[in-house]
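Asks: quick one: sequence plus predicted model below, questions after.
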Amino acid sequence: MTKSAAEYQITVNSSQFPQGESLPSIFSAAGDELETVSKNSIVDRFFRNKVIELFQKIEGGCIHLVDSVGITSLGSCDAQLQCTLLVHDLSSYTQVALNGVTGSAEAYLKGLWSGDDLSKLIRIFVKNRLVLEQMESGLARFAQSSFRLWYKLRRNTRSGSKKNIATHYDLGNPFFRLFLDQRMMYSSALYEAGDDLDQASCRKLHRICAALELGKQDHLIEIGSGWGGFACFAASAV
């Protein structure tokens, strides 16, 4: 169901939202925020239609898409679980079509789309995993040949492996400190209620030492878990 921007101003507080919720202020001036259709390529509009065609299969929830073309409600519009997505750039649809969930995330990080409640959006797709699978295996098939070429160009030859490793790891310690613990451990932590990341990481290291039954006479080689944090921990804790 697609409406014009003018119709949308009436729709905001209508029965389309049975819970009586009004959209956040970011959506109230949707017409000013969205770019005009003329700025979008034919390709973007083609993939918009494909994405909407797929999302129409959604059940148990409703997604209201607001873009420069109009307002489109997808799924079960009488469901309690509803969210609204503001598509700032129609190239978002191309990203989703060619790269699936990853493309959607990258488009979000670039500010190409936003939403009033991402947790509700995730809950809707959890209920509709088949739609997600079709988005990955169906729409994203358009990019498969390009990916095969890209992987071929970046094969793990001796020189290629060095380049691939550098691309993955040489991002700088300030970046890794944003989401790792004080020991800069790569592997997941072991949480109990109330633990922060450092406590959970320390708990995991204690568990590993206990499982290995490490003693002072043992030698330990740490490979691939971080910056040597486990080896240092074991040396001081055993």
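Replies: That came through, no problem.

Asks: how near is the closest residue to Phe230 other than its chain neighbours to Ala211?
Replies: Closest residue in space to Phe230, ignoring its immediate chain neighbours: Glu222 at 4.9 Å, by CB to CB, 6 or more residues apart in numbering. In short, each C-beta sits where N, CA and C put it, glycine included. In this structure, Glu222 lies at 15 Å from Ala211, with CB to CB, to the nearest Å as the measure.

Asks: so for those two, which residue has more residues nearby?
Replies: Looking at Glu222 and Ala211 with other CB atoms under 10 Å, you find the greater number of neighbours at Glu222, namely 14 against 8.

Asks: show me how the protein divides into domains.
Replies: Here the chain is described, according to automatic domain parsing, as comprising the domains 2-144, 146-177, 197-237.

Asks: among the ones you listed, which is the most enclosed?
Replies: Mean neighbour count, computed with mean count of other CB atoms under 10 Å, is highest for domain 2-144 among the domains of the chain, reaching a mean of 17.

Asks: returning to what we had before: from what I can see the residue nearest to Phe230 touches Ala231, true?
Replies: Yes: applying CB atoms under 8 Å, one finds Glu222 in contact with Ala231, separated by 4.2 Å.

Asks: find the helix or strand that Leu132 is a member of.
Replies: When secondary structure is defined by DSSP states H and E, Leu132 falls within helix 129-137.

Asks: can you tell me the SS state at Leu85?
Replies: When classified by DSSP: H, G, I helix; E, B strand; the rest coil, Leu85 comes out as strand.

Asks: what's the end-to-end length of stretch 125-134?
Replies: Taking CA to CA, to the nearest Å, the span from the opening residue of stretch 125-134 to its closing residue is 12 Å.

Asks: leaving out chain neighbours, which residue sits closest to Met184?
Replies: Using CB to CB, 6+ apart, the closest residue to Met184 is Trp227 (4.2 Å).

Asks: contacts only, for the one you found.
Replies: Residues in contact with Trp227, defined by CB atoms under 8 Å, 6 or more residues apart in numbering, are 183-185.

Asks: please pick the buried ones from those.
Replies: 183, 185 (16 or more other CB atoms under 10 Å).

Asks: could you dump the contacts of Trp227 to JSON lines with distance to Ala237 and secondary structure?
Replies: Converted to JSON lines, the contacts of Trp227 look like this (distance: CB to CB, whole Å; DSSP: H, G, I helix; E, B strand; the rest coil):
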{"residue": "Arg183", "distance to Ala237": "12", "secondary structure": "coil"}
{"residue": "Met184", "distance to Ala237": "18", "secondary structure": "coil"}
{"residue": "Met185", "distance to Ala237": "15", "secondary structure": "strand"}
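
Asks: so which residue is dead centre in this protein?
Replies: Ala105 (3.8 Å; CA atoms, centre = their mean).

Asks: isn't Leu214 up against Ala235?
Replies: No: counting by CB under 8 Å, Leu214 stays clear of Ala235, with 9.6 Å between them.

Asks: spit out the residues that contact those two alike.
Replies: Leu220.

Asks: please name every helix or strand in contact with the longest helix anywhere in the chain.
Replies: In the chain, assigned by DSSP state H, the helix with the most residues is helix 91-109. Using 3 or more CB pairs under 8 Å, 6 or more residues apart in numbering; DSSP states H and E as the contact definition, the elements that helix 91-109 packs against are helix 42-55, strand 113-115, helix 129-137.

Asks: how about low-confidence regions in this structure?
Replies: With pLDDT under 70 as the threshold, the chain has low-confidence stretches at 1-40, 137-154.

Asks: show me the helices in it, by range?
Replies: Listed in chain order, the helices of the chain (DSSP H) span residues 5-11, 25-28, 30-33, 42-55, 91-109, 118-127, 129-137, 144-153, 158-169, 173-177, 197-212, 229-237.
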